[in-house]
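1. here are the coordinates; sequence isn't available:
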Ligand SMILES: Nc1ncnc2c1ncn2[C@@H]1O[C@H](COP(=O)(O)OP(=O)(O)OP(=O)(O)O)[C@@H](O)[C@H]1O
């Protein structure tokens, strides 16, 4: 695997000087000029994507202390993508998933999943959203399933709540358990199955009402390596075969190394992304190439990796210069910043 930080490409020429504020007098810009200017503005984050988070902020109040779990997070996930979200403990991963699942509401920012605006949904819409648009798998195997119901009863339950006819429930339950490789567990209750089987049944439950988005918070966190690989295989099969978009939070490098895109969150913001693609060499052998990118937000902010800052002792003010093909960041004066 290779890894490098690709700096965002610099513009060819310095930006034109700012224009005057538009006014609607006869001496101001023409309507056409105003329309062109509006079109030239950067598109909102995730325009056209299934999931679009823009400048998401979530502040918790805990015993009089403010905790900023998300601090202006931007994230776009395209339809059909399988994205892993990684980050240190406390970086805001679970908070993001709770918001996307409709369980929690951000303090500020914008978040949209498909046609749903998660900031402005009414309680009734929130129930409909949770029932039809998203499926959720938790880390704790016991939290995903009703203990006294068999696997097939667990999968059929969300469909019954959504009013799906009995015959359709039966067919879809059998199909889902088969796709997830746990058809043989249909009549067993959770305690009669292994941790990995329970998580695969849990994925079937999450997919029962055909959600467009599957969210999984550390789904392999309680499993051993071999069982984790099975569950990961099931998640990938769901993405590839059913076309469900998946966002999976993980500490597990086996998960993040097997998806085409890994988003790293640091201090409540998206800091870097790793994109992986398979290339074929002249001899026909295939290799996965991984490239790490820093994420530039709409306001032009970028987070420098800690090892770069430490190596070059970058603190406080830095010098930015526009070179032919890149932007250079150099140590600036440290006066008044230590
Ligand atoms: N309900 C809450 N009340 C107060 N603070 C909270 C609450 N939920 C989360 N936090 C705080 O918000 C921050 C982000 O938490 P979050 O659970 O999203 O992190 P995480 O990246 O999922 O961590 P982990 O990998 O340990 O699960 C942490 O500092 C956490 O203590």
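-> That came through, no problem. Model, not experiment: these values are computed from the prediction. Residues are numbered from 1 along each chain as shown.
2. residue nearest the middle of the protein, spatially speaking?
-> With distances taken as CA atoms, centre = their mean, the residue of the chain nearest its centroid is residue 247 (4.9 Å).
3. these two touch, right, that one and residue 83?
-> Yes - counting by CB atoms under 8 Å, residue 83 is a contact partner of residue 247 at 5.3 Å. No exception for glycine: its C-beta is placed from N, CA and C like everyone else's.
4. what sits in contact with each of the two?
-> Common contact partners of residue 247 and residue 83 (CB atoms under 8 Å, 6 or more residues apart in numbering): residue 77.
5. helices of the stretch 1-150 of the chain, start to end?
-> Using DSSP state H, counting those that start in this stretch, the helices of the stretch 1-150 of the chain run over residues 31-40, 93-100, 123-132, 141-144.
6. now those helices as TSV including mean neighbour count, distance to residue 284 and mean pLDDT?
-> Converted to TSV, the helices of the stretch 1-150 of the chain look like this (neighbours: other CB atoms under 10 Å; distance: least, CB to CB, whole Å; pLDDT from 0 to 100):
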stretch	mean neighbour count	distance to residue 284	mean pLDDT
helix 31-40	10	46	72
helix 93-100	23	39	94
helix 123-132	14	45	91
helix 141-144	16	41	81
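7. can you say which of those is nearest to the ligand?
-> helix 93-100 (3.2 Å; CB to the nearest ligand atom).
8. re the thing from before, could you dump the helices of the stretch 1-150 of the chain to JSON lines with distance to the ligand?
-> What follows is these, written out as JSON lines (distance: least, CB to the nearest ligand atom, whole Å):
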{"stretch": "helix 31-40", "distance to the ligand": "36"}
{"stretch": "helix 93-100", "distance to the ligand": "3"}
{"stretch": "helix 123-132", "distance to the ligand": "18"}
{"stretch": "helix 141-144", "distance to the ligand": "14"}
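9. let me know which of the ones you listed is the nearest to residue 51.
-> Ranking these by proximity to residue 51 (CB to CB) places helix 93-100 first, at 6.6 Å.
10. what's the distance between that closest one and the middle of its chain?
-> Remark: helix 93-100 is offset 9 Å from the chain centroid, using CA atoms, centre = their mean, to the nearest Å.
11. which elements pack onto it?
-> strand 51-62, strand 65-77, strand 82-86, strand 108-113, strand 213-217, strand 245-249 (3 or more CB pairs under 8 Å, 6 or more residues apart in numbering; DSSP states H and E).
12. tell me the mean pLDDT over the last one?
-> Confidence over strand 245-249 (mean pLDDT, whole number) is 94.
13. give the buried residues for the next helix or strand after it.
-> As assigned by DSSP states H and E, the chain's next helix or strand after strand 245-249 is helix 253-256. Across helix 253-256, burial judged by 16 or more other CB atoms under 10 Å covers 255-256.
14. still on that earlier bit, distance to residue 291 added to the helices of the stretch 1-150 of the chain, as JSON lines?
-> Output for the helices of the stretch 1-150 of the chain, formatted as JSON lines (distance: least, CB to CB, whole Å):
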{"stretch": "helix 31-40", "distance to residue 291": "29"}
{"stretch": "helix 93-100", "distance to residue 291": "22"}
{"stretch": "helix 123-132", "distance to residue 291": "35"}
{"stretch": "helix 141-144", "distance to residue 291": "35"}
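15. name the element residue 233 belongs to?
-> Residue-wise, residue 233 maps onto helix 225-242 under DSSP H and E.
16. residues of that helix that come out buried?
-> Under 16+ other CB under 10 Å, the buried positions of helix 225-242 are 227-232, 234-236, 238-239.
17. how about residues contacting that helix?
-> Contacts of helix 225-242 (CB under 8 Å, 6+ apart): 80, 82, 179-181, 194-196, 199-200, 203, 207, 214, 216, 219-220, 223, 244-246, 248, 252, 254-255, 258-259.
18. ditto for stretch 101-117
-> Residues contacting stretch 101-117 (CB under 8 Å, 6+ apart): 44, 46, 50-59, 70, 72-73, 95, 98-100, 118-119, 121, 125-126, 129-130, 133-134, 136, 212-213, 215.
19. just stretch 78-87 next, same as before
-> 48-50, 77, 93, 96-97, 212, 235-236, 239, 243, 245-251, 255-256, 259-266.
20. if you set the cut-off to 6 Å instead, what comes out?
-> Outside stretch 78-87, the residues that touch it by CB atoms under 6 Å, 6 or more residues apart in numbering are 49-50, 77, 93, 239, 243, 245-250, 255-256, 259, 261-265.
21. also stretch 155-171?
-> So stretch 155-171 is in contact with 131, 173, 176, 204-205, 208-209, going by CB under 6 Å, 6+ apart.
22. and stretch 59-73, by the same measure?
-> Under CB under 6 Å, 6+ apart, the answer for stretch 59-73 is 53, 55-58, 92, 95, 107, 268-270.
23. list the buried residues of that stretch.
-> 69-73.
24. can I get these in JSON lines including distance to the ligand and pLDDT?
-> Listed next are the buried residues of stretch 59-73 as JSON lines, based on distance: CB to the nearest ligand atom, whole Å; pLDDT from 0 to 100:
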{"residue": "69", "distance to the ligand": "3", "pLDDT": "92"}
{"residue": "70", "distance to the ligand": "8", "pLDDT": "92"}
{"residue": "71", "distance to the ligand": "10", "pLDDT": "90"}
{"residue": "72", "distance to the ligand": "14", "pLDDT": "88"}
{"residue": "73", "distance to the ligand": "11", "pLDDT": "90"}
